[in-house]
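Sequence isn't available, so here's the structure alone:
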């Protein structure tokens, strides 16, 4: 019975993503003449939460369906060299563990709307593309390429990566990225970005204690984060890469010498597995 329940839940969660992706692919295939201008794709998600409050005075166990959301993704082609991509997330953001609470339990309350990304892309040539707007940062490749539910089939994220992780998710700025072939079928790809960067959040200026806040629409200083990533694919399914980023995160005289540096390396194996 346990196996049956797990399989059913997995199929229910992944089915919308598979369906929407297939719809987008069918639309592209049906326009072989090259007149396709736009595609709407995305995914729907929902969750179930169980809270065991055994032993806590005044609390009872709770089981509830929660966190319903919808992520429409829009791709729009303006010309053969210029196109737009954007995603907005709509989800319920308020959930009360106390089922007897008088507020916070209505479906229409606590709706969160977040702009995941929205950017314009211009194709310079077959080796380079320039992107400007809000986009996923080139700190590694997972956030940039694989983390979204419509493409990520794993049940978890790599340690430290994701919403609230130690690496920035999305940011405002401009980026040049692309790739080119090497010898014997090997390939290389790259990304160089100029971003707003993080902000130092601190109440203890004298001791330089604090944390970093990312995904800032408005920068808090004139400094910009410089980030570079490079990846090498000796085989189509095997990749090695590294990234480096440096920025100033303070906003005034007392904090303007405080910087943040991100660096890392990764390897990735991606192969199709028959069902």
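Cool, the structure landed. Keep in mind that what you see is a predicted model, and the values were worked out from it rather than measured.

which non-adjacent residue is nearest residue 187?
Excluding the flanking residues, the one nearest residue 187 by Cβ to Cβ, 6 or more residues apart in numbering is residue 233, at 4.5 Å. C-beta coordinates here come from the backbone N, C-alpha and C atoms, glycine included.

can you check residue 167 too?
Nearest to residue 167 is residue 139, by Cβ to Cβ, 6+ apart, at 4.4 Å.

and the one you found, how far is that from residue 194?
Using Cβ to Cβ, to the nearest Å, we find residue 139 at a distance of 14 Å from residue 194.

These two: which is more packed in?
Neighbour totals were compared for residue 139 and residue 194, and residue 139 leads with 28 against 15 (other Cβ atoms under 10 Å).

if I pick that one, what's in contact with it?
By Cβ atoms under 8 Å, 6 or more residues apart in numbering, the residues touching residue 139 are 167, 168, 227, 229, 243, 245, 262, 264.

roughly how far apart are the third one and residue 157?
Okay, so that is residue 227. Going from residue 227 to residue 157 by Cβ to Cβ gives 20 Å.

which one of those two has more residues nearby?
residue 227 (24 against 15).

Distance across stretch 247-258, terminal residue to terminal residue?
9 Å (Cα to Cα, to the nearest Å).

so where do the strands sit in the stretch 151-275 of the chain?
Applying DSSP state E, counting those that start in this stretch to the stretch 151-275 of the chain gives strands spanning 170-181, 187-195, 199-204, 209-213, 225-235, 238-248, 259-269.

Dump these to CSV, plus distance to residue 42 and mean pLDDT.
Shown next, in CSV, are the strands of the stretch 151-275 of the chain (distance: least, Cβ to Cβ, whole Å; pLDDT from 0 to 100):
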stretch, distance to residue 42, mean pLDDT
strand 170-181, 16, 95
strand 187-195, 24, 97
strand 199-204, 30, 73
strand 209-213, 27, 76
strand 225-235, 26, 96
strand 238-248, 27, 94
strand 259-269, 25, 89
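
could these go into JSON lines alongside distance to residue 61?
Output for those, formatted as JSON lines (distance: least, Cβ to Cβ, whole Å):
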{"stretch": "strand 170-181", "distance to residue 61": "37"}
{"stretch": "strand 187-195", "distance to residue 61": "45"}
{"stretch": "strand 199-204", "distance to residue 61": "36"}
{"stretch": "strand 209-213", "distance to residue 61": "34"}
{"stretch": "strand 225-235", "distance to residue 61": "46"}
{"stretch": "strand 238-248", "distance to residue 61": "44"}
{"stretch": "strand 259-269", "distance to residue 61": "41"}
